[in-house]
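Trainee: Please find the sequence and the predicted model below.
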Amino acid sequence: MAKTFVLGAGYAGAMAAVQLDKIAEPFTLINKTPYHTLVTLLHEAAGGRGTPTNYTVNLSDLVRRETSNIVIDEVTGIDREKRVLKTRSGQEHEYEWLVIALGWVSEYFGIPGLKEHSLVLNDLDTAIQIREHIEQQFAAYKDDPNPERLRIVVGGAGLTGVELAGELLDWLPSLSAKYGIDRSLVELQNIEAMSTILPMISESLRSEAARMLTEKGAILRTNTKIVEVTENEVHLEGGESVKARTIIWTGGVRANPLLTEAGFTVDRRGRAKVNEYLQSVDDPRIFIGGDSAWVEDENGRPLPPTAQYATQMGYVLAANVSSAIHRQPLRAFHAHNMGTLASVGPEVGVGNMFGIPVKGLAAGLAKEASKLKYLYQIGGLRLTAQKTPEIAHF
Ligand code: NAD
């Protein structure tokens, strides 16, 4: 029996595992946590919406056959010469075939002090950390009424920064009321180096998102670059600084560094190059997907690291690793852009679906619908039904 491993249960890895499970192709899935995280919804968890289990799906609910094996561990090295995987627990695994979908890490661009002094929104733990940290600041304000405790800086106004800011802004009134704090004393600055927020959506929708954020109370600062962070202080290009006890960095992502360490051909974001079959250009026994993969579209432009493409890749990763094992022809990957939706708080948002612009409540509803569609895709009716009461609770 071929020894096949799927590394990572993010959007690409989880879908690859689900598909391999469906066709009873034996494999072992290695993931740090016993659950798949709905990373695109983590801003909701950070903003105090719902319970943490709303944002996770147990791996044992996704892959159920005897031919599928789950190992909870962290891959720490890939020795391509010996075909051995190293893990945090010290266990080593010999492999014949690999699907690598190890996701991303925060990109700090070498900005001094940023990593040490900021929070990030990368997984469920960091989402909960953000939520608890902000609440602690509000709780401590009564005995130490330092205005820095009520100031939140979100660095970066890409999709992560805007969705997080929108969600936090909706949470702040009830949080202020809980601790008897006047809402007008609370400040959220969203700081962006470029001349606009959300460069990936159309200009009219960008200004719509900016309007929604400002109406909810955000201070939006574009053309403002963070150049250093020290304890409780964000330093901007030009010399100004902002003192805040909550500093959250959403300024960019890069691929898991394991790919560079394993000697793959990588792009500037550390993603490993693959051919049209999502097969590593360095090793035909390895298939790579999601934010770990450097995939180019028909015009030679690298695809952005998004959940929708990662999910699409999951199907092809599974089909191709199975075909390679059984010496069948491989299938080319074609990305389908279904659109981009950014929520701005629980009810509203902006974006486009199949090229049609949507905003306000319609965008908020479209985002809810895409959540349900995704749950159906990975777990069928059983999972959708299991999770729907939690979603309806919002
Ligand atoms: P991003 O790279 O898309 O945005 C980061 C933003 O931070 C940029 O606008 C950048 O100009 C800004 N920035 C960088 N350095 C800065 C500095 N020194 N000072 C101030 N601003 C700075 O990162 P992201 O938002 O985390 O998104 C990562 C990927 O995940 C993207 O491909 C995105 O499309 C995807 N994503 C999608 C969704 C969705 O579809 N709803 C949600 C979140 C993320």
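Mentor: Thanks, I have the structure now. Residues are numbered from 1 along each chain as shown.
Trainee: This protein - how does it break down into domains?
Mentor: Split into domains by automatic domain parsing, the chain comes to 4-106+253-337, 114-249.
Trainee: wait, which of these is closest to the ligand?
Mentor: Between the ligand and the domains of the chain, the shortest gap by CB to the nearest ligand atom is with domain 114-249, which sits at 2.1 Å. Any C-beta I mention is one placed from the backbone N, CA and C, and that applies to glycine too.
Trainee: Could I get the full set of helices for the stretch 51-200 of the chain?
Mentor: 59-62, 114-117, 124-141, 159-178 (DSSP state H, counting those that start in this stretch).
Trainee: and the stretch 201-350 of the chain, which of its residues are near the ligand?
Mentor: Along the stretch 201-350 of the chain, the residues adjacent to the ligand under the rule CB under 6 Å from any ligand atom are Lys225, Ile226, Thr250, Gly251, Gly252, Val253, Pro304, Pro305, Thr306, Thr340, Leu341, Ala342.
Trainee: before we move on, back to that, need the domains of the chain in a markdown table (columns: distance to Phe354, mean neighbour count and mean pLDDT).
Mentor: Shown next, in a markdown table, are these (distance: least, CB to CB, whole Å; neighbours: other CB atoms under 10 Å; pLDDT from 0 to 100):
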| stretch | distance to Phe354 | mean neighbour count | mean pLDDT |
| --- | --- | --- | --- |
| domain 4-106+253-337 | 8 | 19 | 96 |
| domain 114-249 | 14 | 18 | 96 |
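Trainee: Columns distance to Ile378 on top of those domains, output as TSV?
Mentor: Compiled in TSV, the domains of the chain are given as follows (distance: least, CB to CB, whole Å):
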stretch	distance to Ile378
domain 4-106+253-337	5
domain 114-249	17
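Trainee: and for stretch 372-382, what are the contacting residues?
Mentor: For stretch 372-382, the external contacting residues (CB atoms under 8 Å, 6 or more residues apart in numbering) are 14-15, 18, 36, 38, 57, 61-62, 307, 311, 383-384, 386-388, 391.
Trainee: which one of the residues of the stretch 201-350 of the chain next to the ligand sits closest to Ile219?
Mentor: Top of the list for closeness to Ile219, among those and by CB to CB, is Ile226 at 14.6 Å.
Trainee: Of all the helices of the stretch 51-200 of the chain, which one comes closest to Ala335?
Mentor: Using CB to CB as the criterion, the shortest distance between Ala335 and the helices of the stretch 51-200 of the chain is 17.4 Å, found for helix 159-178.
Trainee: Measure how the closest one sits relative to helix 124-141, angle-wise.
Mentor: 40 degrees (axes from the mean of the first three to the mean of the last three CA atoms, to 10 degrees).
Trainee: what packs against helix 159-178?
Mentor: Under the contact criterion of 3 or more CB pairs under 8 Å, 6 or more residues apart in numbering; DSSP states H and E, helix 159-178 touches helix 42-46, helix 124-141, strand 151-155, strand 187-191, helix 203-215, strand 339-343.
Trainee: Dump the ones you listed to TSV, plus distance to Val316.
Mentor: Below are the helices and strands packed on helix 159-178 laid out as TSV (distance: least, CB to CB, whole Å):
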stretch	distance to Val316
helix 42-46	26
helix 124-141	27
strand 151-155	35
strand 187-191	36
helix 203-215	30
strand 339-343	20
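Trainee: What residues does the stretch 1-150 of the chain have near the ligand?
Mentor: If contacts are counted using CB under 6 Å from any ligand atom, the residues of the stretch 1-150 of the chain sitting beside the ligand are Thr40, Phe109, Ile111.
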